[in-house]
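Engineer: no sequence on this one, just coordinates:
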């Protein structure tokens, strides 16, 4: 089996340089890094996982997790995946510190800084989509604190991997369902969580792209935000329907589905509105069973939580860089007959 020493000799560099390239630590010129990776691939280099895992046990890895907390029950399922992986990793002397915050860049940076003060070795992060968060992730990379993004991604950052849905495709799927399930002229109200969350805006873009390309009978009347909050969702959806009585379809592109659907039923519009949503939390399943929601598109939240933490641990414990940068979970369409 090839060793770091052999790769270093063939590349004409130090073992430290090879280690930095293979484990994405520190700065190495692109030309040198490419040469090292080509040699490693040609020699079929594999890290010594057993030895590195033993070293990780001695090091007592600390992993941080930062998720959103907007009374969105979806993240309860992500948390179950995190907790499952936390129990499994406890046998490796690995501890997990979890924080949940609302949609706010300053709060997210404060949460990251708090985890750093507790000397975490890496972070699983559901990022708020703002330049300062991307910059913070890049700063963490510079000090060898790897970040895995979960559930939603962020552009222009050096995170090592993303685990979650392909949200543009998910939005296209919602658009396709809306087009196939409706006839006549359809006027859609779209309820986002936040325009500062990339997965929400990606879903919106996918939905818009699909209907513009394939379903000219579907028209977007208004786009509003509810911050994934059920109470806020009730009020903004009620106001939307009162201001736009022509709306005969709703697309919930994020959370707040329960509050929004309660607004629909409160004003007695459930019989003439087609509703498409995402995820299958208990309240959403109930609305699907009742026929109030026509279809919901799921994204395997438990797997998102467990896989993201597992990728981070393997990177830190075994020097195992993720095989894929984008780790998409499968979309799963549910209707009343299979919910």
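Structural biologist: Structure's in. What do you need? The structure presented is a predicted model; accordingly, all values stated were derived computationally and were not measured. Numbers count the residues shown, from 1 in each chain.
Engineer: show me what the strand or helix carrying residue 174 is packed against.
Structural biologist: According to DSSP states H and E, residue 174 maps onto helix 167-181. With contacts defined as 3 or more Cβ pairs under 8 Å, 6 or more residues apart in numbering; DSSP states H and E, the packing partners of helix 167-181 are helix 198-214, strand 218-225, strand 249-252, strand 274-278, strand 295-298. Backbone N, C-alpha and C define where each C-beta goes, glycine included.
Engineer: just want the angle from that helix to helix 198-214.
Structural biologist: On the basis of axes from the mean of the first three to the mean of the last three Cα atoms, to 10 degrees, helix 167-181 is oriented at 40 degrees to helix 198-214.
Engineer: returning to that earlier point: closest one to residue 116 among the helices and strands packed on helix 167-181?
Structural biologist: helix 198-214 (23.4 Å; Cβ to Cβ).
Engineer: how far is the closest one from where the chain is centred?
Structural biologist: How far helix 198-214 lies from its chain's middle: 17 Å, per Cα atoms, centre = their mean, to the nearest Å.
Engineer: on that earlier part again, show residues contacting the helix holding residue 174.
Structural biologist: 152, 186, 188, 198-200, 202-211, 214-215, 217-218, 249, 251, 253, 274, 276, 278, 294-295, 297, 299, 331, 333 (Cβ atoms under 8 Å, 6 or more residues apart in numbering).
Engineer: out of those, which are buried?
Structural biologist: 152, 186, 188, 198-200, 202-204, 206-208, 210-211, 215, 218, 249, 251, 253, 274, 276, 278, 294-295, 297, 299, 331 (16 or more other Cβ atoms under 10 Å).
Engineer: thinking again about what came up before, do you know which of the helices and strands packed on helix 167-181 lies nearest residue 259?
Structural biologist: Using Cβ to Cβ, those put strand 249-252 closest to residue 259, at 9.8 Å.
Engineer: which neighbouring elements make contact with that closest one?
Structural biologist: Using 3+ Cβ pairs under 8 Å, 6+ apart, strand 249-252 sits against helix 167-181, strand 186-192, helix 257-266, strand 274-278.
Engineer: which stretches of the chain have low pLDDT?
Structural biologist: 1, 23-26, 47-53, 55-56, 70 (pLDDT under 70).
Engineer: which residues in it form strands?
Structural biologist: For the chain, applying DSSP state E gives strands covering 62-68, 95-101, 122-125, 147-150, 161-164, 186-192, 218-225, 249-252, 274-278, 295-298, 326-328, 332-334.
Engineer: got the angle for the first one vs strand 95-101?
Structural biologist: Interaxial angle, strand 62-68 versus strand 95-101 (the same axes, to 10 degrees): 20 degrees.
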